[in-house]
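> mind looking at a prediction? Sequence and model below.
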Amino acid sequence: MAEKTSRVYGLQFGLLCLSSFLFFASFNMLIPELPNYLTSLGGAEYKGLIISLFTLTAGLSRPFSGKLADKIGRIPVMVVGGAVCLACGFLYPLTGSVAAFLLLRFVHGFSTGFTPTGIGAYVADIIPVHRRGEATGLLGLAGSLGMAAGPAMGGTIANHFSLDIMFYASSALAFLAVAVVARMPETLDETQKFRVGMLKITRKEIFEPRVFHPSLVMFFTIFSFGAILTVVPDFSEHLGIQNKGLFFTSFTLSSLAVRFLAGRLSDKYGRITILRLSAAVLVLALVWLGMAKSAVDLLTAAAIFGLASGMNSPTIFAWTIDLSHEAHRGRAMATMYIALEAGIGIGALSSSWIYNNQSANFPLVFFTCAGTALLAFLYLMLLVKKE
């Protein structure tokens, strides 16, 4: 394992943050424009599949990426994910049918099934335990900046140039993300050459029981994000907001304000304390969103949602690393990400079914999400002991 020194945030960590920014910007820049793009292909009724197919393959690939991260190394796993993003950006303009588009969304999901798993394991290798919350907060800050910049860039490029140029720009960012990490030093002590046999996954390699608690909390809290990715573009348009990426920019920028602080506080006061607070704030945000009647209401709810997300994500990541065994960090991160993808995917499908392209159903979607966030809060309060 790479030697840990007193200099926690060296070049490796900085490059990792840069690559994370580029990677998340690459695929998030497409999100606000994809519902209308699918509608133009004649697939308006399949909007829920835009996110759910993406997260399905991300979740299915997690056991493989986790195992490979523990076998062939963290860097190759990151590179594979970035390469998938790069290829898909060039293929979107070639999709001339609903079926081709949905197939490509299915393939695109492999990117997030690999890169974040490698990044998470790499961070666990190079950051000492007493700084993990802080470090995951900083790394999340970089990813969130990418999530904020991506939709804004995507909407601007699509409005001023074309959708095809937006897709190619997505590929360019993915290429840069790969270039940044490709020559970084590997942190896994003993790496093996890839063999096809490594793709054989046993039941034991799918789930890491040590990280059950953070994975379940992740599922309940991230459910709403799948719904928001699916429904908020239409909700924004319903409220008269022309740039459908503004909600995502608002909530992401809000999350930036608390990510670093929340990570440090979780190092000091414990993961459970911060997660209880973040779950309560998430419930508030979703109730507010369900009651939104104007653009101001929407963006205010987005800001509160961002505060909850900024506290929640780095804390769950750090908690997962805390509970994981050093030899199985890839598997532990993969397990947590499976819960993440399942939450987003089921949230996207459920919200699409509830919404059913009827504006009167918007409040019901968000109040349902508030219910799942409340389940996370109750679970943390009643069934999980403080560290």
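All right, it came through fine.
> can you map out the helices along the stretch 201-350 of the chain?
212-238, 246-269, 271-290, 295-323, 329-355 (DSSP state H, counting those that start in this stretch).
> dump those to a markdown table, plus mean pLDDT, distance to D70 and mean neighbour count.
C-beta here means a position set from N, CA and C on the backbone, and glycine is covered the same way. Below are these laid out as a markdown table (pLDDT from 0 to 100; distance: least, CB to CB, whole Å; neighbours: other CB atoms under 10 Å):
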| stretch | mean pLDDT | distance to D70 | mean neighbour count |
| --- | --- | --- | --- |
| helix 212-238 | 93 | 18 | 24 |
| helix 246-269 | 84 | 25 | 22 |
| helix 271-290 | 96 | 23 | 23 |
| helix 295-323 | 92 | 14 | 24 |
| helix 329-355 | 88 | 4 | 25 |
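> can you lay out the ones you listed as JSON lines showing distance to L41?
Shown next, in JSON lines, are the helices of the stretch 201-350 of the chain (distance: least, CB to CB, whole Å):
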{"stretch": "helix 212-238", "distance to L41": "16"}
{"stretch": "helix 246-269", "distance to L41": "23"}
{"stretch": "helix 271-290", "distance to L41": "29"}
{"stretch": "helix 295-323", "distance to L41": "27"}
{"stretch": "helix 329-355", "distance to L41": "17"}
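> of the ones you listed, which is nearest H108?
Nearest to H108 among the helices of the stretch 201-350 of the chain is helix 329-355 (12.9 Å), distances taken as CB to CB.
> so that closest one versus helix 212-238, what angle?
Counting by axes from the mean of the first three to the mean of the last three CA atoms, to 10 degrees, helix 329-355 lies at 40 degrees to helix 212-238.
> what residues of the helix or strand just after helix 329-355 count as buried?
Following helix 329-355 in sequence order, the next helix or strand is helix 362-382 (DSSP states H and E). By 16 or more other CB atoms under 10 Å, the buried positions in helix 362-382 come out as 362, 365-366, 368-370, 372-377, 379-380.
> average pLDDT across helix 362-382?
Computed over helix 362-382, the mean pLDDT rounds to 97.
> other SSEs contacting it?
Here helix 362-382 touches helix 212-238, helix 271-290, helix 329-355, going by 3 or more CB pairs under 8 Å, 6 or more residues apart in numbering; DSSP states H and E.
> Serialize these to CSV and add fields for distance to L49.
Listed next are those as CSV, based on distance: least, CB to CB, whole Å:
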stretch, distance to L49
helix 212-238, 9
helix 271-290, 23
helix 329-355, 8
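> right, and the ones you listed - which one's nearest L139?
helix 329-355 (12.4 Å).
> same for the closest one, what does it pack against?
helix 48-71, helix 98-126, helix 212-238, helix 295-323, helix 362-382.
> in CSV, list those along with distance to T273.
Converted to CSV, the helices and strands packed on helix 329-355 look like this (distance: least, CB to CB, whole Å):
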stretch, distance to T273
helix 48-71, 28
helix 98-126, 22
helix 212-238, 13
helix 295-323, 9
helix 362-382, 9
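> surely S309 is in contact with F251?
Yes. With contact defined as CB atoms under 8 Å, S309 reaches F251; the gap is 6.8 Å.
> before we move on, the earlier item: ok, the buried residues of helix 362-382 vs L103, which is closest?
V365 (26.8 Å).
> K193 versus that closest one, what's the distance?
From V365 over to K193 the distance is 48 Å, taken as CB to CB, to the nearest Å.
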